[in-house]
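S.K.: quick check, what structure comes out for this input:
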Amino acid sequence: MLRSSKWRRCLRSLCGMSLLNALDETPYYLLGGCSESVNTNNDNNDNNNSSSPSCLVLAAIGSWMSLASTIVTPSADSSSSSVDKMDSLLSYLNTYLTNRCFLTASPQPTIADYDMAFSILPHVNSNVNSNVNSNSNVNSNIADKYPNVNRWLSVCHSAATHLNSISNNNTSSSSSIVLPSLPSISSSTNASVFFHFPSATPSTYVPTYASTSASTYASTSTSAQNDNKKPVTTTIATAATTNIGDNKKELTDEEKKAVAEKRAKNKKEKKKKAGPVAVIAEEELTIAALDIRVGVIVKVWEHPDAEKLYCEEINVGEQNVRQIASGLRPFYNLEQMLNRRVLVLCNLKKRNLLGFPSHGMVLCASNHDHTQVQFVVPPTNAKIGERVIFDSVHMAEPQPENKVAKKKILEKLAPDFMTNDNGIVTWKQTHTAMTSAGPCHALQHMPNAHVS
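M.R.: Prediction:
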């Protein structure tokens with residue numbers, strides 16, 4: 001029999017193996033059904049497959065499983081700091097799952113959901129056991145404190161139990177997986193609510209777990225679907241005059257003053273509606289604003305008037321090659337530059353560098369004092385001209401060149417554009433730079449280096 005920790009290690013051993021692709025079929029779909037889509041795109045040499053939803057799902061699965069591998073079992077670490085970390089993780093997941101069924105854009109749990117769920121369950125279940133010190137782990141009443149996590153754990157556990165029963169029909173009982181149980185849910189707690197209204201924004205509908213009558217909830221949902229219109233009620237403004245037979249009831253001076261104040265307040269609120277939109281757009285700035293593409297240096301020579309500059313012609317998949325000047329002469333010779341595959345930031349305005357028109361920037365990793373510089377390179381099989389994507393980031397269209405300069409977008413994103421401990425290019429240390437052939441990295445895997 002396999003215990004929970006062994007079950008998790010067994011899951012991770014499947015990653016990167018052909019067996020995992022074989023299990024991305026009915027009834028398992030451990031990769032959310034994305035492996036066949038990606039393989040088909042690669043076989044057809046589709047130039048746009050690097051930004052397809054399937055690639056993003058696969059990248060997200062890897063990121064979540066990396067996070068799951070850092071979660072230790074309760075017996076291995078029962079310190080107060082471990083409890084705080086688990087509480088923080090559950091709080092983050094509860095928020096993340098507010099308007100999501102699973103961790104990735106998949107119609108059913110993927111291997112990442114199972115890995116995370118069975119990494120968290122020992123922490124939750126250890127508190128259910130009365131023999132365990134109540135201060136050693138997270139709060140056992142997860143249904144009240146983290147309702148979205150509780151709903152997600154329930155679905156993952158149910159799906160895993162179903163898959164286990166299918167496996168037991170084809171194998172002997174001695175090889176079956178023993179799944180850990182879920183914590184009990186108090187009878188006073190309603191089941192977690194998860195619903196979706198396509199015509200409304202997620203923030204409009206927040207599940208309420210207080211006891212509410214079915215008729216009240218139904219009328220609230222119905223009114224919400226009618227273009228978010230408020231229920232029709234009689235207000236002071238509409239009741240300024242009321243016909244009763246042939247008589248009219250006039251408001252007092254104080255009531256008229258209250259009506260006027262309310263109208264003025266409503267006008268101010270309408271004028272403020274345009275303001276928050278610009279603020280939200282500023283806060284949602286991500287690495288997707290940059291247009292980073294795979295290129296190859298086809299020609300290079302020394303700048304005649306600058307001792308530190310090279311002049312390059314780089315093929316980035318466009319009709320004409322790009323001319324770019326780079327200050328790399330102190331770090332690479334001409335032979336090391338020619339035919340080098342590089343990453344090029346393309347949506348920069350063309351500028352004149354000592355008489356040479358430079359249109360773009362070759363990305364490199366460097367240490368703090370800029371005494372060590374390494375090319376940032378794509379995998380060998382990456383396609384020339386394909387756009388680099390970042391996992392778990394919505395890769396919208398890049399910003400135009402003039403806006404990148406005017407809004408100083410590169411300067412705002414640069415502090416979080418670095419390599420991780422393994423020299424892999426990331427944004428905010430969690431979003432990996434990916435191509436259709438795999439992640440990008442510093443040439444000699446320089447760790448924790450700024451990329452610019």
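S.K.: which residues of the protein score low on pLDDT?
M.R.: The chain contains residues with pLDDT under 70 at 1-24, 27-28, 33, 35-52, 73-80, 125-141, 167-249, 271-283.
S.K.: mind redoing it with 90?
M.R.: 1-94, 98-285, 306, 353-354, 368-370, 396, 405, 407 (pLDDT under 90).
S.K.: any buried residues in the helix or strand harbouring D115, and which?
M.R.: In this assignment (DSSP states H and E), D115 forms part of helix 111-125. For helix 111-125, burial by neighbour count (16 or more other CB atoms under 10 Å) applies to 111-125. Every residue, glycine included, has its C-beta placed from N, CA and C.
S.K.: who touches stretch 441-448?
M.R.: The contact list for stretch 441-448 (CB atoms under 8 Å, 6 or more residues apart in numbering) reads 365-367, 372, 374-377, 418-425, 449.
S.K.: kindly recompute the last result at 7 Å.
M.R.: Applying CB atoms under 7 Å, 6 or more residues apart in numbering, the external contacts of stretch 441-448 come out as 365, 372, 374-377, 418-425, 449.
S.K.: for stretch 377-389, same thing?
M.R.: Residues outside stretch 377-389 that contact it (CB under 7 Å, 6+ apart): 47, 50-51, 55, 291-296, 315-317, 341-343, 395, 433-438, 440-441, 443.
S.K.: quick one: buried residues of it?
M.R.: Here stretch 377-389 shows V377, P378, A382, K383, G385, E386, R387, V388, I389 as buried, counting by 16+ other CB under 10 Å.
S.K.: ok, stretch 317-332 next?
M.R.: Per 16+ other CB under 10 Å, stretch 317-332 contains these buried residues: G317, V321, R322, Q323, I324, A325, S326, G327, L328, R329, F331, Y332.
S.K.: closest to E269 among the buried residues of stretch 377-389?
M.R.: I389 (39.7 Å; CB to CB).
S.K.: so the closest one versus L290, what's the distance?
M.R.: Using CB to CB, to the nearest Å, one gets 11 Å for the distance from I389 to L290.
S.K.: just L90 next, same as before
M.R.: Taken as CB to CB, the span from L90 to L290 is 33 Å.
S.K.: what's the helix or strand for S165?
M.R.: Applying DSSP H and E as the criterion places S165 in helix 147-170.
S.K.: what's the angle between that helix and helix 111-125?
M.R.: Per axes from the mean of the first three to the mean of the last three CA atoms, to 10 degrees, the angle that helix 147-170 makes with helix 111-125 is 110 degrees.
S.K.: elements contacting helix 147-170?
M.R.: Judged by 3 or more CB pairs under 7 Å, 6 or more residues apart in numbering; DSSP states H and E, the packing partners of helix 147-170 are helix 80-96, helix 111-125, helix 142-145.
S.K.: now do the contacts for the residue nearest to W427 when sequence neighbours are not counted.
M.R.: Once flanking residues are discounted, W427 sits nearest to I287: 4.2 Å by CB to CB, 6 or more residues apart in numbering. Counting by CB under 7 Å, 6+ apart, I287 touches F390, V393, L413, W427, H431.
S.K.: and the fourth one, what are its bridge partners?
M.R.: Beta-bridge partners for W427, by DSSP bridges, are F417, H431.
S.K.: flag every buried residue along the helix holding S165.
M.R.: 147-157, 159-160, 163.
S.K.: just give me the closest of those to S81.
M.R.: V149 (20.6 Å).
S.K.: how many other residues sit next to the nearest residue to S82 once chain neighbours are set aside?
M.R.: In this structure, S82 finds its nearest non-sequential neighbour in V72, 7.0 Å apart by CB to CB, 6+ apart. Look at V72: counted by other CB atoms under 10 Å, it has 16 neighbours.
S.K.: what about V72, helix or strand, and which?
M.R.: Here V72 is assigned to no helix or strand, by DSSP H and E.
S.K.: how near is it to L309?
M.R.: The gap separating V72 from L309 is 50 Å, by CB to CB.
S.K.: go on, D144?
M.R.: To L309, D144 is 63 Å away according to CB to CB.
S.K.: who has more neighbours out of those two?
M.R.: Of the pair D144 and L309, L309 is the one with more neighbours under other CB under 10 Å, namely 19 against 14.
S.K.: now do the strands in the stretch 251-400 of the chain.
M.R.: Assigned by DSSP state E, counting those that start in this stretch, the stretch 251-400 of the chain shows strands spanning 292-302, 310-315, 322-326, 341-345, 351-353, 356-358, 361-362, 364-366, 373-377, 389-390.
S.K.: tell me what angle the longest one forms with strand 322-326.
M.R.: In terms of direction (the same axes, to 10 degrees), strand 292-302 departs from strand 322-326 by 70 degrees.
S.K.: which strands or helices does strand 292-302 pack on?
M.R.: Against strand 292-302 (3+ CB pairs under 7 Å, 6+ apart) you get strand 310-315, helix 334-337, strand 341-345.
S.K.: on that earlier part again, of the buried residues of helix 147-170, closest to K257?
M.R.: Nearest member of the buried residues of helix 147-170 to K257, counting by CB to CB, is P147, at 44.8 Å.
S.K.: next up, phi/psi of the nearest residue in space to H303 that is not next to it in sequence, please.
M.R.: Computed as CB to CB, 6+ apart, the closest residue to H303 that is not its neighbour in sequence is L309, at 3.8 Å. Here is the backbone geometry of L309 (degrees, to the nearest 10): phi -100, psi 140.
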